[in-house]
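Engineer: Sequence first, then the predicted structure, then my questions.
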Amino acid sequence: MYDLIIIGGGPAGVAAGVYAARKHLKTVLIAEEIGGQSSVSEGIENWIGSPKIHGQELAKLFKAHLDAVKGDFLELATGERAVSLVCGADKQFVVKTKTGKEFSARAVLVVTGAGRRKLDVPGAEKFENKGVTYCASCDGPLFAGMDVAVVGGGNAGFETALQLLAYAKSVTLIHRHATFKADPITVEKAAAHQNIRIIKHAEPTEVVGDAFVSGLKYTDKDSGAVEELPVSGIFVEAGVLPNTGFVEGLVELDPIKRIKVDPHNQRTNVEGIWAAGDCTDELYHQNNIAAGDAVKALEDIYLWIKKQ
């Protein structure tokens with residue numbers, strides 16, 4: 001049995017893993033891969049200590065840090081995805097993975113992050129991987145010399161638009177609301193490019209095409225007019241949904257399935273379970289915040305375990 005199970009391999013999971021190893025807690029970190037969502041980013045400009053770093057490079061640094069500190073205390077169970085978490089006998093928690101492996105511990109830290117929200121309009125599912133995509137780093141080069149659209153108005157949407165300039169003939173960013181969630185500096189950077197067009201207060205209504213995408217229909221929410229944007233690719237950056245299905249019914253969730261935590265120590269309503277990062281109801285979600293909250297949780301976990 002372990003002292004602690006960490007579920008998730010993004011910035012929060014890595015930060016917690018480093019601290020757990022340093023505190024000599026017998027820990028297993030369960031993750032499909034090390035790096036999290038940011039591993040597909042072409043350029044991360046807000047990770048403290050690095051003006052700009054590619055997501056894959058940051059993931060390599062994460063893995064190197066874990067390998068450097070793990071010693072005899074931290075086990076990395078990569079290639080595994082948690083599918084259930086239950087409270088077993090003798091106040092032990094048991095995590096089962098998709099491959100059928102089971103891990104038990106006295107404490108659990110859930111740092112599973114969030115997955116990409118799908119574009120929920122007619123044609124989006126039909127044309128997924130036929131022009132509709134959720135990964136600019138993966139699929140951007142496939143649209144070299146083509147007109148493409150980006151759906152989303154947060155930092156991810158604008159960063160994707162800027163990233164696609166390396167390949168696409170033109171990029172049109174469509175946002176549902178009249179204002180953007182993205183940082184002003186990121187909006188300004190995108191707006192300065194002549195090959196980026198920004199359409200706000202527009203609601204995507206349908207993806208059209210034959211064998212592949214040929215256009216995106218949208219409604220201008222100011223005029224009510226229905227327009228069709230001729231594009232060959234649609235990159236969706238419409239937000240995220242928390243990866244919390246495996247704890248539903250065990251810990252308390254908010255209306256959009258994020259784990260409710262005490263912001264002072266990241267505890268959930270179940271003694272012995274903590275959570276941090278994008279899977280929680282914390283007000284702000286950023287890499288640096290996720291890592292900090294995970295460290296906060298780990299400090300509390302350490303004191304809690306020592307009292308048992």
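Structural biologist: Cool, got the structure.

Engineer: Doesn't residue 158 lie inside a helix?
Structural biologist: Yes: per DSSP: H, G, I helix; E, B strand; the rest coil, residue 158 lies within a helix segment.

Engineer: show me what contacts it?
Structural biologist: Taking C-beta atoms under 8 Å, 6 or more residues apart in numbering, we find residue 158 in contact with 173, 180, 182, 186-187, 189-190. In short, each C-beta sits where N, CA and C put it, glycine included.

Engineer: Same check on residue 16?
Structural biologist: 6, 29, 109, 111, 276, 294-295, 297-298.

Engineer: Could you verify that it is part of a strand?
Structural biologist: No: residue state for residue 16 (three-state DSSP) corresponds to helix; a strand is not indicated.

Engineer: separation between it and residue 66?
Structural biologist: Remark: distance between residue 16 and residue 66 (C-beta to C-beta, to the nearest Å) = 10 Å.

Engineer: Same check on residue 11?
Structural biologist: Residue 11 is 12 Å from residue 66, where distance means C-beta to C-beta.

Engineer: Between those two, tell me which one has more neighbours.
Structural biologist: More neighbours surround residue 11 than the other of residue 11 and residue 66, with 30 against 20 (other C-beta atoms under 10 Å).

Engineer: still on that earlier bit, anything in contact with each of residue 16 and residue 66?
Structural biologist: residue 29.

Engineer: residue ranges for the helices of the chain, please.
Structural biologist: 11-22, 55-69, 136-139, 155-164, 184-191, 287-307 (DSSP state H).

Engineer: and of the ones you listed, who's closest to residue 41?
Structural biologist: helix 55-69 (3.7 Å; C-beta to C-beta).

Engineer: May I see the buried residues of that closest one?
Structural biologist: Buried residues in helix 55-69, counted by 16 or more other C-beta atoms under 10 Å: 55, 58-59, 61-63, 65-66.

Engineer: Next: stretch 299-307.
Structural biologist: 300-302, 304-305.

Engineer: Pretty sure residue 62 sits against residue 11.
Structural biologist: Yes: applying C-beta atoms under 8 Å, one finds residue 62 in contact with residue 11, separated by 7.5 Å.

Engineer: Mutual contacts of these two, please.
Structural biologist: With C-beta under 8 Å, 6+ apart, residue 62 and residue 11 have no common neighbours.

Engineer: Between all of the buried residues of stretch 299-307, which two are separated the most?
Structural biologist: Maximum pairwise distance among the buried residues of stretch 299-307 (C-beta to C-beta): 9.7 Å, between 300 and 305.

Engineer: How much space separates residue 115 from residue 223?
Structural biologist: As judged by C-beta to C-beta, residue 115 and residue 223 stand 34 Å apart.

Engineer: sorry, back to before: among the contacts of residue 16, name the buried ones.
Structural biologist: 6, 29, 109, 111, 276, 294-295, 297-298.

Engineer: Please render those residues as TSV that adds pLDDT and distance to residue 205 to the earlier fields.
Structural biologist: Shown next, in TSV, are the buried ones among the contacts of residue 16 (pLDDT from 0 to 100; distance: C-beta to C-beta, whole Å):
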residue	pLDDT	distance to residue 205
6	98	42
29	98	43
109	98	41
111	98	36
276	98	37
294	98	40
295	98	44
297	98	42
298	98	46
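
Engineer: wait, which of those residues is closest to residue 260?
Structural biologist: Nearest to residue 260 among the buried ones among the contacts of residue 16, with distances taken as C-beta to C-beta, is residue 276, at 12.5 Å.

Engineer: Contacts only, for that closest one.
Structural biologist: 12, 16, 109-111, 261, 266, 282, 290, 293-294, 296-297.

Engineer: can these go into TSV with extra columns for distance to residue 210?
Structural biologist: Output for the contacts of residue 276, formatted as TSV (distance: C-beta to C-beta, whole Å):
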residue	distance to residue 210
12	43
16	48
109	48
110	44
111	43
261	48
266	50
282	44
290	42
293	47
294	47
296	52
297	51
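
Engineer: Out of these, which comes closest to residue 45?
Structural biologist: Nearest to residue 45 among the contacts of residue 276, with distances taken as C-beta to C-beta, is residue 290, at 16.6 Å.

Engineer: Isn't that closest one up against residue 12?
Structural biologist: Yes: using C-beta under 8 Å, residue 290 is in contact with residue 12, at 4.1 Å.

Engineer: Identify the contacts common to these two.
Structural biologist: Common neighbours of residue 290 and residue 12 (C-beta under 8 Å, 6+ apart) are 111, 113, 276-277.

Engineer: For these, give me a markdown table that also has distance to residue 167.
Structural biologist: Shown next, in a markdown table, are these (distance: C-beta to C-beta, whole Å):
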| residue | distance to residue 167 |
| --- | --- |
| 111 | 33 |
| 113 | 27 |
| 276 | 35 |
| 277 | 31 |
